[in-house]
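>>> just need the structure, nothing else, for what follows:
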Amino acid sequence: MTRRNALWALGVLMVALFIVLVLLDVRMRDAGGPGIIGFELAGSEDRAAEILADWGDDGQDAARLSLWIDYPYLLVYGAFLTLAVAATRDLAARLDLRRLAAIGGIVVFFPAAGAGFDALEDVGLLIALDGNGGNAAPLLATICAVAKFVLIDVAILYVIVGLVQRARRRAPAGA
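This next block holds a predicted model:
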């Protein structure tokens, strides 16, 4: 399988899983609390307990299912973004964009690291969802969520910059 085919397959699977996660997020909001990101950023036992109370059983069931589905999702988005960053890095090298290519040599590790933080975050959230872990579980989840968001956002930004550079190189002179 080529990298391009893998990107397409992972992209389709990523979107499908994302749609499921969004639908579960809607269930959490309909139950009366924030979506999963609000829970990821709770940061304390008190705030996590407040969110769980707002959700009630239906919202908590949706959150639990969302967290379990997040494990295959994080594997898929981690692989997709790693391949996308690698493709961008390779394109930058072909276009003789040395600085962008060099940065890609580092950023290529960010999606996997972000997915790893996401997995740890999910552990903390599942523990907090069961009413365990005191302040440590929600705090661990929040720290890991912030690290995940930073790493994934940098990887996405890197790919966007690469796409813009590619488009600029393809544009006719004077356009």
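>>> chain neighbours aside, what residue packs nearest to the residue nearest the centre of the chain?
Closest to where the C-alpha atoms of the chain average out (C-alpha atoms, centre = their mean) is Ile152, at 5.9 Å. Nearest residue to Ile152, sequence neighbours excluded (C-beta to C-beta, 6 or more residues apart in numbering): Gly114, at 4.2 Å. From N, CA and C alone the C-beta is placed, and that goes for glycine too.
>>> CA atoms only: put the helix or strand containing the one you found into PDB for me.
Following DSSP states H and E, one finds Gly114 within helix 110-129. Provided in PDB are the C-alpha atoms of helix 110-129 (Å, rounded to 0.1, in the frame of the first residue of the first chain):
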ATOM      1  CA  PHE A 110       4.500  14.800  17.400                       C
ATOM      2  CA  PRO A 111       1.400  13.000  16.300                       C
ATOM      3  CA  ALA A 112       2.500   9.700  18.000                       C
ATOM      4  CA  ALA A 113       3.400  11.600  21.100                       C
ATOM      5  CA  GLY A 114       0.100  13.400  21.000                       C
ATOM      6  CA  ALA A 115      -1.800  10.100  20.700                       C
ATOM      7  CA  GLY A 116       0.200   8.700  23.600                       C
ATOM      8  CA  PHE A 117      -0.800  11.700  25.800                       C
ATOM      9  CA  ASP A 118      -4.400  11.100  24.600                       C
ATOM     10  CA  ALA A 119      -4.300   7.500  25.700                       C
ATOM     11  CA  LEU A 120      -3.000   8.600  29.200                       C
ATOM     12  CA  GLU A 121      -5.700  11.300  29.300                       C
ATOM     13  CA  ASP A 122      -8.400   8.700  28.600                       C
ATOM     14  CA  VAL A 123      -7.100   6.500  31.500                       C
ATOM     15  CA  GLY A 124      -7.400   9.500  33.900                       C
ATOM     16  CA  LEU A 125     -10.900  10.300  32.600                       C
ATOM     17  CA  LEU A 126     -12.100   6.700  32.900                       C
ATOM     18  CA  ILE A 127     -10.800   6.600  36.500                       C
ATOM     19  CA  ALA A 128     -12.500  10.000  37.200                       C
ATOM     20  CA  LEU A 129     -15.700   8.800  35.500                       C
END
